[in-house]
Each structure stands twice: as C-alpha cells, then as structure tokens.
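*Asks:* sharing a sequence plus its predicted fold:
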Amino acid sequence: MTTDQHVSEITAWPVEEQLAIVRAVWERLPECTSTTDTAKIKAELDRRMERYRADSSSALTLGELKAKRTARS
C-alpha cells in the first residue's frame, strides 16, 4: 500500500482516531529528527485536542480548510 493510499484510508476515520495516529507516530519519531522542543509541541497538540473536545463545532473539514486557504490567496 502506498503512502497516499494509507493517508486516504486514515482520513476517512473519525478525527479523534486520526489524531491518535498522529500522536502515536509523532511519539515514535527519533528525538534526533526533531529540531523543535517536542514538549512544547505536545502541549500545543494537547491544548488543541481539549479545545476540540470542548466544542467540536469549531473544527473544519479538510475541504473547508482548503476553501478558506484558497479564499485568502
């Protein structure tokens, strides 16, 4: 299976499951590959997840995000 096929499959999952995959992969990356403070990034991801859990209506679909980005251009 190609990377694009994996991504297509995963993006069909619920957002919470997608985020769990992102976290799991992120935590398994070797520390030497990171040039930023991983603790700060983890804290930001946790903050964003809590915000999403408190009000999931603020989340955008990928299509909405792309449209928003295109509109800014």
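*Replies:* Thanks, I have it. Numbering: from 1, shown residues only.

*Asks:* ok, for the residue positioned nearest the centre of the chain, nearest residue in space, not its chain neighbours?
*Replies:* Centroid check for the chain by Cα atoms, centre = their mean gives residue 19 as the closest residue, at 5.2 Å. Leaving aside its sequence neighbours, residue 19 sits nearest to residue 49 (Cβ to Cβ, 6 or more residues apart in numbering; 6.3 Å). To be clear about C-beta, it is placed using only N, CA and C from the backbone, and glycine gets the same treatment.

*Asks:* can you count the residues close to residue 52?
*Replies:* Residues near residue 52, counting by other Cβ atoms under 10 Å, number 15.

*Asks:* could you look up the SS state of it?
*Replies:* At residue 52 the chain is in helix, as set by DSSP: H, G, I helix; E, B strand; the rest coil.

*Asks:* now it: how far from residue 19?
*Replies:* To residue 19, residue 52 is 8 Å away according to Cβ to Cβ, to the nearest Å.

*Asks:* what about the residue nearest to the centre of the chain, distance to residue 70?
*Replies:* Distance, residue 19 to residue 70, using Cβ to Cβ: 24 Å.

*Asks:* re earlier: hang on, isn't the residue nearest to residue 19 packed against residue 22?
*Replies:* No: between residue 49 and residue 22 there is no contact under Cβ atoms under 8 Å: 10.2 Å.

*Asks:* shaky segments in this structure?
*Replies:* Applying pLDDT under 70 to the chain flags the ranges 31-36.

*Asks:* mind jotting down where the helices sit in it?
*Replies:* With DSSP state H, the ranges of helices along the chain come out as 3-10, 15-28, 38-54, 62-72.

*Asks:* what's the third one packed up against?
*Replies:* What it means is helix 38-54. helix 15-28 (3 or more Cβ pairs under 8 Å, 6 or more residues apart in numbering; DSSP states H and E).

*Asks:* from the chain's centroid, how far away is the helix it packs on?
*Replies:* Distance of helix 15-28 from the chain centroid (Cα atoms, centre = their mean, to the nearest Å) equals 7 Å.
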